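Visitor: what would the 3D arrangement of this be:
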Amino acid sequence: MNATHDPNRSRRRDFVVAAACGAFVAVMVGAAYAAVPLYTWFCRTTGFGGTPVVAQAGPVKVLDRKVTVRFDANVASGLPWKFEPEQVSIDVRIGQVVTVHYRAINDSARETVGQATYNVSPPTVGGYFAKINCFCFTEQRLKPGERREMTVVFFVDPQLAKDPDDDDLNTITLSYTMYPVREPPKPVADGGPGRS
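Guide: Below you'll find the predicted structure:
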């Protein structure tokens, strides 16, 4: 006995399979676009991979234990800037809110825009190194030859003292790399020179 072929049932099945594949592709594309912001948020919240935590205010308790915080500055290729910390290192008490400065100079004859990425090492202290204010949160636009002093306000969380893995920690390095920000070309206005 031969089963009859139902073309409507076959079309429905094909439609369901196509819709499922389309939904899967849409979810994967959405996940790809969301991955970078979600990863950045995760790192800033947890200190994962040496990313300092973003804080709203300093701790109420300051410990006697001190650590040396070293400052590092780098410039990625394509950005004609000189970028350096005001000082190479400082000794800070754990829990103490500290303000330091970096300097940037645009060595080019045109306006350029840069933005810094940052991390701390060793990576295990990322969750204990908290920034209250940082120039890395915004793009920096410098005119030709312009020099700018940029501020970082941070503290080392007193919870670090309770972590047995960091009992012998005495140095933390805060490292920045300044990258060029590519701006979209400005549109030429209609009716400008050469247009009738």
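Visitor: all contacts plus neighbour counts: C-alpha atoms, from now on.
Guide: Fine.
Visitor: all the helices of this protein, in order from the start?
Guide: In the chain, the segments counted as helices under DSSP state H are 7-46.
Visitor: can you list the weak-confidence ranges in it?
Guide: 1-5, 29-53, 55, 183-196 (pLDDT under 70).
Visitor: do you know how far the residue nearest in space to the middle of it is from Pro158?
Guide: Central residue of the chain (C-alpha atoms, centre = their mean): Thr117, 4.9 Å from the mean position. Distance, Thr117 to Pro158, by C-alpha to C-alpha, to the nearest Å: 25 Å.
Visitor: same question, Arg12
Guide: Applying C-alpha to C-alpha, the value for Arg12 to Pro158 is 62 Å.
Visitor: between these two, which one's more packed in?
Guide: More crowded of Arg12 and Pro158, by other C-alpha atoms under 10 Å: Pro158, with 20 against 11.
Visitor: the more buried one touches Gly95, doesn't it?
Guide: Yes - contact criterion C-alpha atoms under 8 Å: Pro158 and Gly95 qualify, at 5.3 Å.
Visitor: mind listing the shared neighbours of those two?
Guide: Residues touching both Pro158 and Gly95 (C-alpha atoms under 8 Å, 6 or more residues apart in numbering) are 59, 61-63.
Visitor: in strands, which of the residues you listed fall?
Guide: Taking DSSP state E, every one of those sits outside strands.
Visitor: is Phe71 in a bridge, and if so with what?
Guide: Leu174 (DSSP bridges).
Visitor: neighbours around it, how many?
Guide: 21.
Visitor: how about Leu160?
Guide: 19.
Visitor: do the same with the one 10 residues further on
Guide: The burial metric for Asn170, expressed as a neighbour count using other C-alpha under 10 Å, is 12.
Visitor: test my guess that it contacts Val67.
Guide: Yes - between Asn170 and Val67 there is a contact under C-alpha under 8 Å: 4.7 Å.
Visitor: who are the contact partners of the closest residue in space to Tyr118 that isn't next to it in sequence?
Guide: Closest residue to Tyr118 apart from its sequence neighbours, by C-alpha to C-alpha, 6 or more residues apart in numbering: Tyr176 at 4.4 Å. Counting by C-alpha under 8 Å, 6+ apart, Tyr176 makes contact with 72-74, 116-119.
Visitor: what do you get if the cut-off is 10 Å, keeping everything else the same?
Guide: Applying C-alpha atoms under 10 Å, 6 or more residues apart in numbering to Tyr176 gives the contacts 71-75, 83-85, 102, 115-120, 136.
Visitor: Ala18: which of those is nearest?
Guide: Thr117 (41.9 Å; C-alpha to C-alpha).
Visitor: pretty sure that closest one sits against Val181.
Guide: No - in this structure Thr117 lies outside contact range of Val181 using C-alpha atoms under 10 Å: 11.9 Å.
Visitor: quick one: the residue nearest to Tyr118 from Ala104, how far?
Guide: Tyr176 is 12 Å from Ala104, by C-alpha to C-alpha.
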